[in-house]
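> The following comprises the amino acid sequence and a computationally predicted model.
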Amino acid sequence: MLENIEKFLNRVAEAAERSTLVKMTLSKPAQKHDDLRNVYVKPVLIKEKRLFAFTYHFERRDEVKNYDTTQMLGILREMIPNRFLNAVLFTVSEDVTLLVSGKGKATIQTKKVQECREQNLEHDKQKARLINPANPWWYQLGLTTREGKITADMQHKFKQIYKYAEIVESLIKPMKFESTVHISDMGAGKGYLTFALYELLTQRLNLDVDIKGVEIRPDLALKINEIIKANNLKGLEFVESSIEAYHPEKLDVLIALHACNTATDDAIASGIKAGAELIVCAPCCHKQIRQEMERSGRFDAITRYGIFLERQAVMITDTIRALILEYFGYKTQVMEFIEMEHTPKNVLLVGRRTSKAARDPKILQQIADLKARYGIERHYLEGALDLKFQDFDEK
């Protein structure tokens, strides 16, 4: 056995010396419980120095380390056959395979190759992903297998979460934070988006965070906090509370995705009162304004049709929300957003706090005109922020 292993290592050393080594793979762990599943080796040129990049594929993560020729051969001697029973050397002209049986018998197989191979000395850069499904919390949340692969029935959900992370990154990345970023995720539910936010900010943007997931259901809050504790995720916590009752002392960013009906308004009001720098909402279930419009009986050529009444109520609700944000000094943006929880409601309302003078009465007049046109007595967000419209309503 030792003779054939030594022959194989000599072939590796020769290929390394002659610069004919294209790549190597180590596979079939000697111990089934070994967390290291396989190793990929390739030559690289770093600062004009020829090295060998080892990519260690663990069950839940990858690691890359670079070694010179002597170090590379030493590591191979340690790993074969103690950790791996199979090894394949790919050179510019042949494949050399080492197979070690469970009983310790080692054999070598050599195969000439017809294609023209060349060394690629470019250093592989790990693709920076916004969300890494190999992180254990995704399995514990039910989106992936133990191996970190997204389950078939969660593929669509994970794409939604990833799209969310892309949008949030584009909003938060330009912002400047002096210290810990205080974030409230209102109506956090099962925690998918809260964990995506935490992973994005801590692992990609390297921010120090204090994220509170606000969830009214005690069983969910308890379950998610257990996952947080199991993974030692510092700066992340779920709080059992309604959105209306939760009042953060310090808040930089407020997130409220698909908080139902007026819960979105409670979240916006909380963000405005706390002086949040960024407010991001994906409104859902615009019942309050639609009911006001129906009670008034004031229909036009559009709203006389039920389906158009529904759509118009949605537009009016979110338009008034955007205008109220502007009234309090936020620059607002309304954009299309990928749907969540299989709902067609895909509008994202974004407010960025500015230094401009706020409380422009012209904005209140625009709101009053909208309300008067459609027979709306009151938008819920008015009451949540104690806005006064008497003077405008009388005109």
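Perfect, I can see it now. Numbering: from 1, shown residues only.

> What ranges does the chain have for its helices?
Under the criterion DSSP state H, the chain carries helices at the ranges 2-17, 69-79, 136-140, 155-172, 192-199, 218-230, 263-274, 287-296, 306-327, 361-373, 380-385, 390-393.

> Make TSV from these and add mean pLDDT and distance to Ile108 to it.
Glycine gets a C-beta too; all of them are placed from N, C-alpha and C. Formatted as TSV, these follow (pLDDT from 0 to 100; distance: least, Cβ to Cβ, whole Å):
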stretch	mean pLDDT	distance to Ile108
helix 2-17	92	5
helix 69-79	95	14
helix 136-140	94	39
helix 155-172	88	42
helix 192-199	94	45
helix 218-230	96	45
helix 263-274	94	66
helix 287-296	86	73
helix 306-327	90	69
helix 361-373	92	79
helix 380-385	92	75
helix 390-393	51	88
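
> Same list (those) but as TSV, adding mean neighbour count.
As requested, those are exported to TSV (neighbours: other Cβ atoms under 10 Å):
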stretch	mean neighbour count
helix 2-17	16
helix 69-79	15
helix 136-140	20
helix 155-172	17
helix 192-199	24
helix 218-230	15
helix 263-274	24
helix 287-296	17
helix 306-327	19
helix 361-373	15
helix 380-385	18
helix 390-393	12
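
> Dump those helices into TSV; add distance to Glu94 as well.
Formatted as TSV, the helices of the chain follow (distance: least, Cβ to Cβ, whole Å):
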stretch	distance to Glu94
helix 2-17	9
helix 69-79	18
helix 136-140	41
helix 155-172	40
helix 192-199	44
helix 218-230	48
helix 263-274	64
helix 287-296	71
helix 306-327	66
helix 361-373	75
helix 380-385	72
helix 390-393	84
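
> Tell me which of those helices sits nearest to Tyr40.
For the helices of the chain, the distance to Tyr40 is smallest for helix 69-79, at 12.7 Å, taking Cβ to Cβ.

> So which elements touch that closest one?
helix 2-17, strand 49-58 (3 or more Cβ pairs under 8 Å, 6 or more residues apart in numbering; DSSP states H and E).

> please redo it, this time with the cut-off set to 7 Å
Where contact means 3 or more Cβ pairs under 7 Å, 6 or more residues apart in numbering; DSSP states H and E, helix 69-79 is packed against helix 2-17.

> What angle do strand 49-58 and the helix it packs on make with each other?
130 degrees (axes from the mean of the first three to the mean of the last three Cα atoms, to 10 degrees).

> residues in contact with helix 2-17?
21, 69, 73, 76-77, 80-81, 87, 89, 91, 96, 98, 106-108 (Cβ atoms under 7 Å, 6 or more residues apart in numbering).

> Perfect, that will be all.
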